[in-house]
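J.: what would the 3D arrangement of this be:
(chains A and B)
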2 protein chains.
Amino acid sequence: MTTSPDPRPFYQSHVFCCTNTRPPVHPRGCCSEKGSEKLRNYMKVRAKELGIAETRINAAGCLDRCEFGPTMVIYPEGVWYTYRDAADIDEILEVHVKGGGRVARLMLQPEQKVPHD
Amino acid sequence: MTTSPDPRPFYQSHVFCCTNTRPPVHPRGCCSEKGSEKLRNYMKVRAKELGIAETRINAAGCLDRCEFGPTMVIYPEGVWYTYRDAADIDEILEVHVKGGGRVARLMLQPEQKVPHD
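T.: Below you'll find the model as predicted:
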């Protein structure tokens, strides 16, 4: 059996920011109560201002790492970040998305998960 | 400068289904008016039933390929699909997510985009 190679990527960098909202009483909390919607909007505008092409700063539903939120994941590399403010977003855009590097201090590790029942 | 290797993937297969909703009069339409929310919920339940592990069937905001929707993208491979019904979802789950193959008849190509103003 031969298979064709996959088409070239549609986006060079596809960022998904969790913007999920839960009721305030929910024990896991949610990214949106920690400002993820505003910060995702900021990232989208800032990426454009920086002239970063072939990139999409997407909203996403719950990424299921709520306790470490706000969270984002950048594909195709599959690197996850937590972030708090515009300065964190700027650093992720400059160092990772534009520069191809990593912002080690904000990266989530695979061990950072919450066991499900 | 040395850089550490990226952490191992948190999900082996991370599926993002656009569930964006636009007003009915919008010229681009939207994935949700074509049933994407129900189909994403179906895919989530079905993946669990099939015992597909380390996979997340995520909701996403607008993926910006509305005219070919409902659309999904599967990372890290970055393969895009259009789908219409539960049979399409079953095939994507069995052949691509579980089997590591491709469902050629449903794949979107990079040329399938709508030029922005």
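J.: so residue A:15 bridges to which residues?
T.: Beta-bridge pairing of residue A:15 under DSSP bridges involves residue A:57, residue A:74.
J.: please report how far it lies from residue B:7.
T.: To residue B:7, residue A:15 is 17 Å away according to C-beta to C-beta, to the nearest Å. For glycine as for every other residue, the C-beta is placed from the backbone atoms N, C-alpha and C.
J.: so between these two, which is more surrounded?
T.: Using other C-beta atoms under 10 Å in any protein chain shown as the criterion, residue A:15 and residue B:7 rank with residue A:15 on top: 23 against 16.
J.: residue A:98 against residue A:52, yeah?
T.: Yes. Counting by C-beta atoms under 8 Å, residue A:98 touches residue A:52, with 5.6 Å between them.
J.: what's the overlap in contacts for the two?
T.: Common neighbours of residue A:98 and residue A:52, using C-beta atoms under 8 Å, 6 or more residues apart in numbering or on different chains, do not exist here.
J.: mind giving me the packing neighbours of the helix of greatest length in chain A?
T.: The longest helix of chain A (DSSP state H) is helix A:36-49. Applying 3 or more C-beta pairs under 8 Å, 6 or more residues apart in numbering or on different chains; DSSP states H and E, one finds that helix A:36-49 contacts strand A:13-18, strand A:55-60, helix A:86-91.
J.: make a markdown table from those and add distance to residue B:20 and mean pLDDT to it.
T.: A markdown table is the format used below for the helices and strands packed on helix A:36-49 (distance: least, C-beta to C-beta, whole Å; pLDDT from 0 to 100):
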| stretch | distance to residue B:20 | mean pLDDT |
| --- | --- | --- |
| strand A:13-18 | 13 | 98 |
| strand A:55-60 | 9 | 98 |
| helix A:86-91 | 22 | 98 |
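J.: now, of the ones you listed, which is deepest in the fold?
T.: Mean neighbour count (mean count of other C-beta atoms under 10 Å in any protein chain shown) peaks for strand A:13-18 among those, with a mean of 24.
J.: who's in contact with it?
T.: Contacts of strand A:13-18 from elsewhere in the structure, counted by C-beta under 8 Å, 6+ apart, are A:31-32, A:36, A:39-40, A:43, A:52, A:54-63, A:65-66, A:69-76, A:97, B:16, B:58, B:60, B:73, B:75, B:78.
J.: tell me the gap between that strand and the middle of its chain.
T.: 4 Å (C-alpha atoms, centre = their mean, to the nearest Å).
J.: again with stretch A:37-53
T.: 12 Å.
J.: residues contacting residue A:24?
T.: Residues in contact with residue A:24 (C-beta under 8 Å, 6+ apart) are residue A:33.
J.: pLDDT weak spots in chain A?
T.: A:1-3, A:115-117 (pLDDT under 70).
J.: which residues of it lie near chain B?
T.: Residues of chain A lying close to chain B by C-beta under 8 Å from any C-beta of the partner chain are A:3-4, A:6-11, A:14, A:16, A:19, A:56, A:58-65, A:73, A:75-80, A:101-102, A:104, A:107-110, A:113.
J.: neighbours of residue A:26, how many?
T.: Neighbours of residue A:26 under the rule other C-beta under 10 Å: 11.
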